[in-house]
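Colleague: sequence and computational prediction follow.
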Amino acid sequence: MSERIFLSAPHMGGNELKYIEKVFQSNYIAPLGEYVNKFEQSICEYTGAKNALALNSGTSALHLALRVLGVGEGDDVLASTFTFIGSINAILYQNANPVFIDSDEESWNLSPILLNKYLVSCEKKPKALIVTHLYGQSAEIQKIADICKFHGVYLIEDAAESLGAMYDGKHTGTFGDFGVYSFNGNKILTTSGGGMLVSENKEWIDKARFYSTQAKEPYVHYEHKEYGYNYRMSNVLAAIGVAQMEVIEERVAKKREIFSWYREFLEDTEGISFMPELPNSRGNRWLTALTFENKNPQTVMQALELINVESRPLWKPMHMQPLFAGAKNFLDGTSEKLFDKGLCLASSTTMSKEDVVKICKAIQSV
Ligand SMILES: Cc1ncc(COP(=O)(O)O)c(C=O)c1O
């Protein structure tokens, strides 16, 4: 059996071990240290974010964003229904109520039209919106940001999957009050696990930093007026992150190339539609995602499994999850349709064109 092809395998850039060795030489393998600062700086330089905070996960970053914005018990928080649970759990940590908004067909991401309709008609004004840039493709983020501003709703961008994606030449994650990136094992860059919180607002990032290190007041003894978390990234993992950032543009280019190969070989197969890219945007094509009109995605998955290739259904919308039975939502059926017909194809940056051809042939044979 040939070697397994994964959805999105980790891919080291080259300098990771060198930087880890430097960390060991300094003896500073403890949390924090030189590479944490360097990693934060490299994210700011690359994305144009003003302030960054390196954390142990993207989920922690989302949680801190909500905490800093004062989202608490009983507050409504809007969110993309078509997303991964990591986007939503933080709302539950704050004892707030998620309200799920559907996608549109133009972007597969949160629909600005539905968002606006909801905000115009809702009885209880939500405190914030968490919008996901799904599979690395930008949402209609400028429109969404304008709507949030108009209605006085904080905007948090879940850019966990979309580092390197841009809209109107500006990086996803830098339009909202906060942006969040993830460096989980399967992301475009990985530190094995990690996250980054970014914001224009330095005070907010400072406050998030304070909460992320057990909310220690500035005294020599440990004084506490508020509760915090142990959410910081370690210097060792940040060293991996710094090396990974050196190849981010290469990784985006390769992901986009893999997508273009899939398109080339599947374009003429009837009933296939790829996740769109908004005209004024550049997605990172973290995962090539598509829908089938004439094939059962589960049968396609089985055919790919037979040749030892990983694939995955599109995210099951949050409003369909048993956990959120009874949650408020504003839907038009788009995400349910996508879930029913869609699949994510293997998009590891180590893949060759031959790998993609093999996968496409298996799809066509179904
Ligand atoms: C859309 C989305 N949001 C949030 C997360 C959570 O990130 P992390 O795994 O770093 O906590 C992920 C990925 O895992 C994700 O894909």
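Modeller: Everything's here; your move. Predicted model, so just to flag it, every value in this text is computed and none were measured.
Colleague: doesn't Leu197 fall inside a strand?
Modeller: Yes - using DSSP: H, G, I helix; E, B strand; the rest coil, the assignment for Leu197 is a strand.
Colleague: what sits against it?
Modeller: With CB atoms under 8 Å, 6 or more residues apart in numbering as the criterion, the residues that contact Leu197 are 52-53, 55, 61, 64-65, 178-180, 205, 208. To be clear about C-beta, it is placed using only N, CA and C from the backbone, and glycine gets the same treatment.
Colleague: just Ile307 next, same as before
Modeller: When contacts are counted by CB under 8 Å, 6+ apart, Ile307 touches 2, 358-359, 362.
Colleague: buried ones among the residues you listed?
Modeller: Burial by neighbour count, judged by 16 or more other CB atoms under 10 Å, picks out 358-359, 362 from these.
Colleague: so can I have JSON lines of these showing secondary structure, distance to the ligand and pLDDT?
Modeller: Formatted as JSON lines, the entries for those read as follows, by DSSP: H, G, I helix; E, B strand; the rest coil; distance: CB to the nearest ligand atom, whole Å; pLDDT from 0 to 100:
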{"residue": "Lys358", "secondary structure": "helix", "distance to the ligand": "27", "pLDDT": "97"}
{"residue": "Ile359", "secondary structure": "helix", "distance to the ligand": "22", "pLDDT": "97"}
{"residue": "Ala362", "secondary structure": "helix", "distance to the ligand": "26", "pLDDT": "97"}
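Colleague: three-state assignment of Thr291?
Modeller: Applying three-state DSSP to Thr291 yields a three-state assignment of strand.
Colleague: quick check, it in contact with Leu345.
Modeller: No - taking CB atoms under 8 Å as the definition, Thr291 is not a contact partner of Leu345, at 11.6 Å.
Colleague: more neighbours: those two, which one.
Modeller: Between Thr291 and Leu345, counted using other CB atoms under 10 Å, Leu345 has the larger neighbour count: 25 against 20.
Colleague: grab the nearest non-local neighbour of that one.
Modeller: Closest residue in space to Leu345, ignoring its immediate chain neighbours: Thr288 at 4.6 Å, by CB to CB, 6 or more residues apart in numbering.
Colleague: before we move on, what about Ser212?
Modeller: Of all residues beyond its chain neighbours, the one nearest Ser212 is Tyr231 (4.0 Å), with distances taken as CB to CB, 6+ apart.
Colleague: from Asp206, how far off is that neighbour?
Modeller: For Tyr231, the distance to Asp206 under the criterion CB to CB, to the nearest Å works out to 14 Å.
Colleague: same deal with Glu223?
Modeller: According to CB to CB, Glu223 stands 17 Å off from Asp206.
Colleague: same question for Gly70.
Modeller: Taking CB to CB, one finds Gly70 at 15 Å from Asp206.
Colleague: all strands for the stretch 51-200 of the chain, in order.
Modeller: Under the criterion DSSP state E, counting those that start in this stretch, the stretch 51-200 of the chain contains strands at 51-55, 76-80, 97-101, 128-132, 154-158, 166-167, 170-171, 178-182, 195-199.
Colleague: right, so of those strands, which gets closest to the ligand?
Modeller: With distances scored as CB to the nearest ligand atom, the stretch of the strands of the stretch 51-200 of the chain nearest to the ligand is strand 178-182 (3.4 Å).
Colleague: burial measure for whichever residue of the stretch 251-366 of the chain sits closest to the ligand, as a count.
Modeller: The stretch 251-366 of the chain approaches the ligand most closely through Trp315 (8.0 Å), counting by CB to the nearest ligand atom. With neighbours defined by other CB under 10 Å, the count for Trp315 comes to 24.
Colleague: please apply the same query to Glu293.
Modeller: 9.
Colleague: coming back round to it: kindly reformat the contacts of Leu197 as JSON lines containing distance to Gly194 and pLDDT.
Modeller: Conversion of the contacts of Leu197 to JSON lines gives the following (distance: CB to CB, whole Å; pLDDT from 0 to 100):
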{"residue": "Ala52", "distance to Gly194": "12", "pLDDT": "98"}
{"residue": "Leu53", "distance to Gly194": "11", "pLDDT": "98"}
{"residue": "Leu55", "distance to Gly194": "7", "pLDDT": "98"}
{"residue": "Ala61", "distance to Gly194": "9", "pLDDT": "98"}
{"residue": "Leu64", "distance to Gly194": "14", "pLDDT": "98"}
{"residue": "Ala65", "distance to Gly194": "16", "pLDDT": "98"}
{"residue": "Phe178", "distance to Gly194": "17", "pLDDT": "98"}
{"residue": "Gly179", "distance to Gly194": "15", "pLDDT": "98"}
{"residue": "Val180", "distance to Gly194": "11", "pLDDT": "98"}
{"residue": "Ile205", "distance to Gly194": "16", "pLDDT": "98"}
{"residue": "Ala208", "distance to Gly194": "15", "pLDDT": "98"}
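Colleague: fine by me, thanks again.
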